[in-house]
Structures are given as C-alpha cells and as structure tokens.
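Student: Need the 3D shape of this:
(one chain, ligands or ions: 2)
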Amino acid sequence: ALVPTGELVAEAVAGGRGLPAFNVITLEHVEAVVAGAERAGGAVVLQVSENAVRYRLGRLGPLAAAARSAAVAAGVPVGLHLDHVTDAELLRQAADEGFGSVMYDGAKLPYEANLAATCEAVLWAHGHGLWVEAELGEVGGKDGAAPLGPHAPGARTDPGEAAAFVAASGVDGLAVAVGSSHAMTSRTAALDHGLLGRLRDAAGVPLVLHGSSGVPDEEVRAAVRGGITKVNVGTALNVALTAAVRERLGAEPGLVDARGYLGAGREAMAEVVERLTRVVAGAGEG
Ligand code: G3H
Ligand code: ZN
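Tutor: Ligands and ions are numbered 1, 2, ... in the order given. Here you go, the predicted model:
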C-alpha cells in the first residue's frame, strides 16, 4: 500500500526501528525493492533522485508512475520520496506525482544559503502536505579551509549547527554526515557513533543516513539504535544488478533476450533489499 513517508517515519521512530529507503533507476529496481520488502515483511521507501530523473531523459513521470503503481499494489507499506533535489521545479512535481516526501539538498551551499533555500522548500512542501528532509554536512571549509564535500569521508555535521538549522528551517528530518560516504562499493565505512548520539539529542527530528551501501550491517544496526531512522541505500542495488548481469552474460554468450539477464539482476537486487530491510527494520530488537 502507498503510505505517506511521514507516517512511515513516525511508526519507525515509535517502534525503535529504522526505515530503509532504496534509490530506484529502472523498473527492475522498483520491482526488486517491493519484492524484497515483501519477503522481509517490512515497510520501505522507494526514492527517485534528481540524478535518476536526469537519466530518465529529464522526466519524473514514467519512473514515478511505475513506483506509484508498485507501491499501491505492494503487500507492505511503501512510501515515495524524491531524493537529493536542487531544482525547485522538480520539487513542485513531487506532490502531483503522489510523493509523500522530498529531500531538498542544499548541503553544498554555505550554511546561510542552505538555510534560506531549505526554508523556501519547507514552506512549499508543508503547504502541500509533504514530509521534508534536508542535509547539513558542510563542516569542513570553515576558517578558510577548502570545503569538504558533505559526504567526503572526513566531513561531519556539527550538533550546534544542526540544532539551529532544524529550529530555523522547520525540516522534518535531517541528513547528517557521520562517516558514511556516497557510492562506496565496499562496505568499510566506520561511523562516528558518539557524534551521532550528540546529533540525535541536538536535532530533535529523525536523522537520515546517506551512503549506507558502504556501511557494514553491524554498523547500520548500531546507527539505528543510536539515532538514525531513515537509511538510504542506492549503490548496493547497482552492485548486485551489475554483478548478476555480468555473470549471466558471461555464462551464456549467446543470450540476447533482455529478460534473461535483467531478470537475474532484479532477483539479485531483491535479495539485497530483503537482507537490508531485515537489518534496518529489526535494528532495535534484542
Ligand atoms: O540518497 C541516497 C543514498 O545516500 C544512497 O547512497 O548509493 O552510497 O548507497 P549509496
Ligand atoms: Zn544520498
């Protein structure tokens, strides 16, 4: 069933669980996320990034329609989220497409500019009933030092800034930099759990972990116990998809039916989704 993301986040917080959110690029990604979530019996978020829209020839509609129809038919609660958006026009399409939440990504901007742009996004999104996530990670770059990207391994979110940013912007969730990094193909990231605890206490809103593909299962569990609610995963699906397709084509050089290799890729992604949904949704157990 399609459920507003805000409700899924609130239920996860109340239950001491995490909420996994998977980035989708193709129809196979969408189908794999729903299949994996159903096998695990947990709620998930299907998220479409601005980059994915760019890949889909600049159109949100087709992928959004696929995600929406898969969510409606799913046997588990599924939310729809627009991820890493900087384009205000794309943000405005989210409500029309049935999305329950958006992430406005001003993390590359200086603090004041990020805050101003985020405030504008929050004003609009709340006016349309959407849950809003923003990001604050640019703690490098102060005192004239070269800015670290918000997901550079050394970048960290400052708890004092996080508290001020949330209070001033009214965001519903905050993506924080605590040691994870986007697009990692090995699961070797070590998180700063002490900082995470301080951010949880300071921010006062559910926190979001980006770049979770590079984080080992035990670290993900600890992060959810320590204050992370939404766990964003993208690259891990592409790693599984690509390995399965490569394996299938290598094993059968005469294969030309796309279903032969895309189906193998879809199944490989579903297995990742099932495992991570159990890890994230079960993190508070035991
Ligand atoms: O917003 C999306 C996530 O941060 C995905 O990161 O591709 O490194 O798992 P990842
Ligand atoms: Zn991200």
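Student: all strands for the stretch 151-286 of the chain, in order.
Tutor: 173-176, 207-209, 228-233 (DSSP state E, counting those that start in this stretch).
Student: who does the shortest one touch, helix- and strand-wise?
Tutor: The helices and strands touching strand 207-209, judged by 3 or more Cβ pairs under 8 Å, 6 or more residues apart in numbering; DSSP states H and E, are strand 173-176, helix 193-203, strand 228-233. The C-beta positions use only the backbone N, C-alpha and C, and glycine is treated the same way.
Student: Please identify which of these is closest to ligand 1.
Tutor: Closest approach to ligand 1 among these (Cβ to the nearest ligand atom): strand 228-233, 3.4 Å.
Student: Give me the contacts around the closest one.
Tutor: 9, 12-13, 18-23, 45, 47, 83, 133, 173, 175, 196, 206-213, 220, 223-224, 272, 276, 280 (Cβ atoms under 8 Å, 6 or more residues apart in numbering).
Student: Figure out the helix or strand that D83 lives in.
Tutor: strand 78-85 (DSSP states H and E).
Student: which element follows the helix or strand where V34 lies toward the C-terminus?
Tutor: Per DSSP H and E: V34 is located in helix 27-40. Going down the chain from helix 27-40, the next helix or strand is strand 44-49, by DSSP H and E.
Student: CA atoms only: put that next one into PDB for me.
Tutor: The C-alpha trace of strand 44-49 is given here as PDB (Å, rounded to 0.1, in the frame of the first residue of the first chain):
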ATOM      1  CA  VAL A  44      10.300   0.600   2.700                       C
ATOM      2  CA  VAL A  45      10.600   3.900   0.800                       C
ATOM      3  CA  LEU A  46      11.100   4.000  -3.000                       C
ATOM      4  CA  GLN A  47      13.100   7.000  -3.800                       C
ATOM      5  CA  VAL A  48      13.900   8.800  -7.000                       C
ATOM      6  CA  SER A  49      16.900  11.100  -7.100                       C
END
